[in-house]
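Visitor: sequence below, structure please.
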Amino acid sequence: MSQEGKSKSLSTKEMWGCIGSVLAGIITGTFLLTNSLVNTWLPRLPFFQAQASPTPVLAIASPSLESTLTPELASPTSPPADVTTAPTSIPLPSPTSLPTPATAPTSIPLPTIAASAMPAPPPVREGLLEELDELSAAGKELKRVAFTQDGGWAVLYGTNGYSTEGLPEEAVDALSSLNDDAEEIKQIAFTPDGGWVILFGGSGFWRSGLPDAADEALTELNDLAEDIQQVAFAPDGSWVILYGRNGFRLLGIPTGVDETLTDLNDRNEEIQDVAFAPDGGWIVLYGSNGFIRLGLPQDVEDVLTELNEEGSEIRQVAFAPDGNWVILFDSNGYRHSELP
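Guide: Residues are numbered from 1 along each chain as shown. Next comes the predicted model:
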């Protein structure tokens, strides 16, 4: 048994000896091959050639070559031929290449600009002054004057007389029917959007295109048999209805008018008339020649003051959409602006 173990031990040593010889040969061959590559191919690479070449070192160190290399150096005053500066190679943005933002007045029209662009209302149609002259000269009672939004006009006189120009056909037909029936025509008024109302008798009315709330108020007053005196419309479509001695219904009118009517009612003053100017002014007539007003044109103020001082009975102030006006006083007197 011991001999067999010895034989195995000798065979193992031989085997490891062969392996060691082979590994030594491989290592030796690898070393020789690596050394050959380093000595043969590595010097041929450009990088090692540049590092190994003594020429640049000598050229930089040589005073004679330094002057010849100077023109090749890039400088602010003498750039190389193949190098361009940023301003020429990449154009900088300029104010003309970028859109300029629009200002608010041009991009978003202001309300005042839009309002000023609105067309002016048509002037009052011709014939009104001639009609007033003839009626006054004939001794007719001048009762009411009314203007439409498009320049039409109407004059009511006597019990049921009327004269018109440019009114809606339905309104003219209603006036004609009331005249034929010998009804007392008390008033005609027009809304800013073309509606109209005619008051007759005690509480009767004909209408077309009125605001719903105004129509309902008139219907209620008619059902109550109230004596409806006047309907007045402001340029914005708000309205007031006068009835009895100093009763009123209203919607949306300026606060000053509401307060004035309330005060007159509390004092039991007789309210005669309410009128609205196209620029926002207003006037309330009461008693025989009293009036309360705000924002009226100066020429209207002057005439009203004069009539009040004379003791004349001021019966109506009527404003046209274009700013013209007529004031009726006493039985058949009138003053007016520069009407055609």
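Visitor: run through who's touching stretch 255-268.
Guide: 240, 245-248, 250, 271, 274, 282, 284, 286, 292, 294 (Cβ atoms under 8 Å, 6 or more residues apart in numbering). For glycine as for every other residue, the C-beta is placed from the backbone atoms N, C-alpha and C.
Visitor: biggest separation within those residues, which pair?
Guide: Using Cβ to Cβ, these reach their maximum pairwise distance at R245 and L294, which is 23.4 Å.
Visitor: quickly note the distance from A234 to N324.
Guide: According to Cβ to Cβ, to the nearest Å, A234 and N324 sit 17 Å apart.
Visitor: ditto for A277
Guide: For A277, the distance to N324 equals 11 Å [Cβ to Cβ].
Visitor: low-confidence bits of the chain, can you list those?
Guide: Within the chain, the stretches with pLDDT under 70 are 1-18, 20-22, 24, 28-118.
Visitor: and if we set it to 80?
Guide: Scanning the chain for pLDDT under 80 picks out the ranges 1-119, 340.
Visitor: domain ranges for it, per the record?
Guide: Per the record, the chain has its domains at 2-68, 128-336, by automatic domain parsing.
Visitor: and these: which comes nearest P119?
Guide: Among the domains of the chain, the nearest to P119 by Cβ to Cβ is domain 128-336 (11.2 Å).
Visitor: ok, W153 touching T164?
Guide: Yes: W153 sits in contact with T164 when judged by Cβ atoms under 8 Å, with a separation of 7.1 Å.
Visitor: looking at those two, which one has more neighbours?
Guide: Ranked by neighbour count (other Cβ atoms under 10 Å), W153 and T164 place W153 first, with 25 against 20.
Visitor: report all helices and strands that whichever strand or helix holds L285 contacts.
Guide: Element membership for L285 (DSSP states H and E) is strand 282-286. Contacts defined by 3 or more Cβ pairs under 8 Å, 6 or more residues apart in numbering; DSSP states H and E place strand 282-286 against helix 255-266, strand 271-276, strand 290-294, strand 314-319.
Visitor: which residues does the second one contact?
Guide: Strand 271-276 is contacted by residues 229-230, 232-235, 240, 242, 245-246, 248, 253, 257, 261, 264-265, 282-287, 314-319 when judged by Cβ under 8 Å, 6+ apart.
Visitor: which of the residues you listed are buried? Put it as a PyMOL command.
Guide: In PyMOL, this line selects whichever of those come out buried by 16 or more other Cβ atoms under 10 Å:
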select buried, resi 229+230+232+233+234+240+242+246+248+253+257+261+264+282+283+284+285+286+314+315+316+317+318+319
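Visitor: got the phi and psi for L132?
Guide: L132 adopts backbone torsions of phi -60, psi -40, taken as degrees, to the nearest 10.
Visitor: surely it touches R335?
Guide: No: L132 is beyond contact range of R335, at 10.3 Å (criterion: Cβ under 8 Å).
Visitor: tell me the contacts of P123?
Guide: For P123, the contacting residues are 151, 322, 324, 340, by Cβ under 8 Å, 6+ apart.
Visitor: let's see 10 Å
Guide: Residues near P123 by Cβ atoms under 10 Å, 6 or more residues apart in numbering: 151, 320-324, 339-340.
Visitor: most neighbours, which of these?
Guide: Using other Cβ under 10 Å as the neighbour criterion, A320 leads the contacts of P123 with 25 neighbours.
Visitor: alright, calling it a day.
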